[in-house]
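Trainee: pasted the sequence and its predicted model underneath.
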Amino acid sequence: MTANDLAHDTHAPYAPYATYEKLLALLDERGAVHRVIEHAPEGATEAVSALRGNALAQAAKCIVAMVKIGKKEKRFALVVVPGDRRVDLAAVKALYGGTYVSFASPGIAEELAGSPSGTILPFSFDERLDLVVDPDLLVHEEIYFNAARLDRSLALSVEDYRSVAEPRVARVSTV
């Protein structure tokens, strides 16, 4: 199902552009330096980085992971890594002291993130979703990411990203 389909689906788990509007309002309220970049619909990090004209290392690749801690507790982490890296699931598991880790199912990831796969923001608006960012993404002046839409991205000052998102910073990527 595409974001367009969701706009017409009254049973959708989230309003298709509500998360986009919420993010822009938050950034404007906090005076964050950012630019909206319109482009052809694309959700793959490499392809959308080419459309935006940014280095792959500046792209915020956002993945939702599920970590089991013992037999009864599980946590969800929004893991953000540079676009030229992969999520290191073993590092995420160790960070939480988990017994098992996996990528969250697409349905759970989209529900927690409030947007479709390929458009997940490097921000968490859901208390059940922890935000963990790899330090290698934060070495740039700006980061780029799809803004809860396949046809819009944001370029955001890293300084403002850290201030507004308040992520936990930990090494969670691998080459």
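Mentor: Good, I have the coordinates. Residues are numbered from 1 along each chain as shown.

Trainee: what's the longest helix belonging to the chain packed up against?
Mentor: Ranked by residue count and defined by DSSP state H, the top helix of the chain is helix 18-29. Counting contacts by 3 or more C-beta pairs under 8 Å, 6 or more residues apart in numbering; DSSP states H and E, helix 18-29 is packed against strand 142-149, strand 152-157, helix 158-165. For every residue, glycine as well, the C-beta is placed using N, CA and C.

Trainee: the second one - contacts with which helices or strands?
Mentor: Right, the one you point to is strand 152-157. Right, strand 152-157 is packed against helix 18-29, strand 34-38, helix 45-52, strand 142-149 by 3+ C-beta pairs under 8 Å, 6+ apart.

Trainee: what's in contact with it?
Mentor: Contacts to strand 152-157, defined as C-beta atoms under 8 Å, 6 or more residues apart in numbering, come from residues 20, 23, 27, 32-39, 48, 52, 54, 141-147.

Trainee: partner residues bridging residue 37?
Mentor: Applying DSSP bridges to residue 37 yields these beta-bridge partners: residue 153.

Trainee: with residue 131 instead?
Mentor: When bridges are assigned using DSSP bridges, the partners listed for residue 131 are residue 78.

Trainee: on that earlier part again, are any of the contacts of strand 152-157 buried, and which?
Mentor: 20, 23, 27, 32, 34, 37, 39, 48, 52, 54, 142-147 (16 or more other C-beta atoms under 10 Å).

Trainee: ok, those vs residue 98, which is closest?
Mentor: The shortest gap between residue 98 and any of the buried ones among the contacts of strand 152-157 belongs to residue 145, at 25.9 Å (C-beta to C-beta).

Trainee: name the SS class of the residue lying closest to the closest one once chain neighbours are set aside, please.
Mentor: Leaving aside its chain neighbours, residue 145 sits nearest to residue 60 (4.1 Å; criterion: C-beta to C-beta, 6 or more residues apart in numbering). In terms of secondary structure, residue 60 is strand; the call rests on DSSP: H, G, I helix; E, B strand; the rest coil.
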